[in-house]
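In: Predicted model and sequence below, questions to follow.
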Amino acid sequence: MRRSRKVKILATLGPASSSEEMIRKLFEAGADVFRINMSHTSPALMRELVGLIRAVETKVGRPIGILADLQGPKLRVGKFLNGSETLEIGQEFTLDDNTEPGNSRRVHLPHPEILASVQPGHRLLIDDGRLELKALTCDGKSIVCVVVAGNKISDRKGVSLPDTELPVGALTEKDRADLDAVLATGVDWIALSFIQRPEDLAEVRKIARGRAHLMSKIEKPQAVSRLAEIIELSDALMVARGDLGVEMPLEAVPGIQKQITRAARRAGKPVVVATQMLESMISAPVPTRAEVSDVATAVFEGADAIMLSAESAAGTYPAEAVATMNRIAEQVEQDPTFADIINAQRSAPEATGADAISLAARQIAETLKLSAIITYTASGTTGLRAARERPQVPIIALSPVVETARRLSLVWGTHCVVTEDAIDLDDMVNRACRIAFEERFGTAGDRVIITAGVPLRTPGATNMLRIAYIGADGTGGA
């Protein structure tokens, strides 16, 4: 199955999409990668879902990526004697280490790291920002605040701290247990929630030991301020607009989305735009016009993937949501302004052989109107650098490593095929041309451009370009 678009679609699985039949429907509607949200998934259910995805993968004959999204630290207030309280704007309200049920003047905050870190003037946002508090005094055991906005607080509501950097890592005990479980099942990507600093990646990378690639979710101001460092240590990024829109002004989120997308593109690392993209399709068969424009903006920006959350996980129309997103992406990429916008945002290549080859391959393919760029890639690096160029022609990524093909299924413009490694240059050319022919990227007489590393099977040594004709029997010739 060949997609008619370059941007990828990431669909979240949940109660509405936990059967093999529905997972296959989502794939056929356009989903390239499936997300398992560990905030709502037990290790046992996660293993079941991975098994179902792999069963669909076998039946459709295409590599499918799996992303496990770790919950991260969830900060919440304690409980109230009456379940909830109404607060007046301007009144004082205290969060403290007293475990007694709360009232209209105070509530327990079961997070000593917050009590120790918040400083006077810092904001505390409760219940996704519906209630805003501002710290007046802090002594390590309590935080006396003034109510700035909102008027209701209830049991176990979440706390966001846009002005405070907490001295804790991004992994909780639940995350560590979930991480061990997902690594054992062979998922392809692991998303890390509430990253604050580059160091938050170190522990996960040490545990993962290369068994999965790491995606940093950018959803806190602290991460935005250290974006360059986080990108350097990440394998991919996610613009997690939900929590980002709580901890930062809503009007700032579109600009930050563009900053993150362009920074990731410069680095040649995949970037996903997520949250509320087709939110109304949770309960409606069609999206709003604003949602269509939102999806289109991410596609025009050159994001590697666009993501569905509750729309595919718990909505009434999961397959329709994927199909709608697929149609929007296809239409945008056919728009006459799409190529101009993508080209205008292209970054200069880095001073490496791989980037020089990728640049040359794109320029030759577009100048000669070749049918495809075909890359041999064992580790995935060559495929990533080819995608960084955002060529107008398709990229066929050939790999003998199924895990590499699955990970590249998230990457812009790549059509991944698992194939045995070539034994020599002639076999490499013939194999590439035959696959392009079989996968319907070209017909007899069409030309393709092939990139690889010589000697073969040398990781990260892309140093060869070759233009080849697809023969009548699908094999190639110079």
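Out: Received the coordinates, thanks.

In: Is S19 in contact with A55, as I believe?
Out: No. In this structure, S19 is not within contact of A55 by C-beta atoms under 8 Å, at 10.9 Å. Where you see a C-beta, it was placed from the backbone N, CA and C, and this is true even at glycine.

In: elements contacting the host helix or strand of V159?
Out: Using DSSP states H and E, the element containing V159 is strand 159-160. The helices and strands touching strand 159-160, judged by 3 or more C-beta pairs under 8 Å, 6 or more residues apart in numbering; DSSP states H and E, are strand 123-126, helix 241-247.

In: Leaving out sequence neighbours, find the closest residue to A360.
Out: Counting by C-beta to C-beta, 6 or more residues apart in numbering, A360 lies nearest to L465, which is 6.0 Å off, once chain neighbours are set aside.

In: thought L237 was touching Q257?
Out: No. The criterion here is C-beta under 8 Å, and L237 misses it with Q257 at 10.9 Å.

In: More neighbours: which of the two?
Out: Applying other C-beta atoms under 10 Å to L237 and Q257 shows that L237 carries more neighbours, namely 28 against 22.

In: Determine which stretch of the helices and strands packed on strand 159-160 is the most buried.
Out: Counting by mean count of other C-beta atoms under 10 Å, strand 123-126 has the highest mean neighbour count of the helices and strands packed on strand 159-160, with a mean of 22.

In: Need the residues that contact it.
Out: 77, 95, 118, 131-135, 143, 145, 148, 150, 153, 157-163, 246-247 (C-beta atoms under 8 Å, 6 or more residues apart in numbering).

In: Which ones among those residues map onto strands?
Out: L95, L131, E132, L133, K134, A135, I143, C145, V148, I153, V159, S160 (DSSP state E).

In: Just the buried ones among those residues, please.
Out: For the ones in strands among the contacts of strand 123-126, a burial check counting by 16 or more other C-beta atoms under 10 Å picks out L95, L131, E132, L133, A135, I143, C145, I153, V159, S160.

In: Now the fourth one. Nearest residue, chain neighbours left out?
Out: Right, L133. C145 (3.8 Å).

In: List the contacts of F300.
Out: Contacts of F300 by C-beta under 8 Å, 6+ apart are V332, T337, F338, I341, I342.

In: ditto for S4
Out: E330.

In: From the buried ones among the ones in strands among the contacts of strand 123-126, pick the one nearest T375.
Out: The nearest member of those to T375, counting by C-beta to C-beta, is S160 at 42.0 Å.

In: wait, isn't that closest one in contact with D243?
Out: Yes. S160 is within contact range of D243, at 7.0 Å (criterion: C-beta under 8 Å).

In: okay, and for the chain, where does confidence drop off?
Out: Scanning the chain for pLDDT under 70 picks out the ranges 456-460, 476-478.

In: Domains in it, by residue range?
Out: Domain assignment for the chain by automatic domain parsing gives 8-72+171-331, 84-160, 353-477.

In: Let me know which of the helices and strands packed on strand 159-160 is the nearest to D180.
Out: helix 241-247 (25.0 Å).

In: Now do the helices in the stretch 151-300 of the chain.
Out: Secondary structure of the stretch 151-300 of the chain (DSSP state H, counting those that start in this stretch): helices at 173-185, 200-208, 221-225, 227-233, 241-247, 253-267, 289-300.

In: gap between the fifth one and the chain center?
Out: With C-alpha atoms, centre = their mean, to the nearest Å as the basis, helix 241-247 stands 16 Å off its chain's centre.

In: Packing partners of it?
Out: Under the contact criterion of 3+ C-beta pairs under 8 Å, 6+ apart, helix 241-247 touches strand 159-160, helix 253-267, strand 271-274.

In: Swap in 6 Å and give it another go.
Out: Applying 3 or more C-beta pairs under 6 Å, 6 or more residues apart in numbering; DSSP states H and E, we find helix 241-247 packed against helix 253-267.

In: Turn the helices of the stretch 151-300 of the chain into JSON lines, including distance to N326.
Out: Below are the helices of the stretch 151-300 of the chain laid out as JSON lines (distance: least, C-beta to C-beta, whole Å):
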{"stretch": "helix 173-185", "distance to N326": "27"}
{"stretch": "helix 200-208", "distance to N326": "31"}
{"stretch": "helix 221-225", "distance to N326": "30"}
{"stretch": "helix 227-233", "distance to N326": "28"}
{"stretch": "helix 241-247", "distance to N326": "21"}
{"stretch": "helix 253-267", "distance to N326": "20"}
{"stretch": "helix 289-300", "distance to N326": "10"}
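
In: Indicate which one of those is closest to T414.
Out: Evaluated over the helices of the stretch 151-300 of the chain, closeness to T414 peaks at helix 253-267, with 14.6 Å, by C-beta to C-beta.

In: List the neighbours of that closest one that are in contact with it.
Out: 218, 224, 227, 231, 237, 239, 241, 244-245, 271, 301-303, 347 (C-beta atoms under 6 Å, 6 or more residues apart in numbering).

In: And for stretch 362-372?
Out: With C-beta under 6 Å, 6+ apart as the test, stretch 362-372 has contacts from 373, 389, 391-394, 396, 436, 441-442, 446-449.
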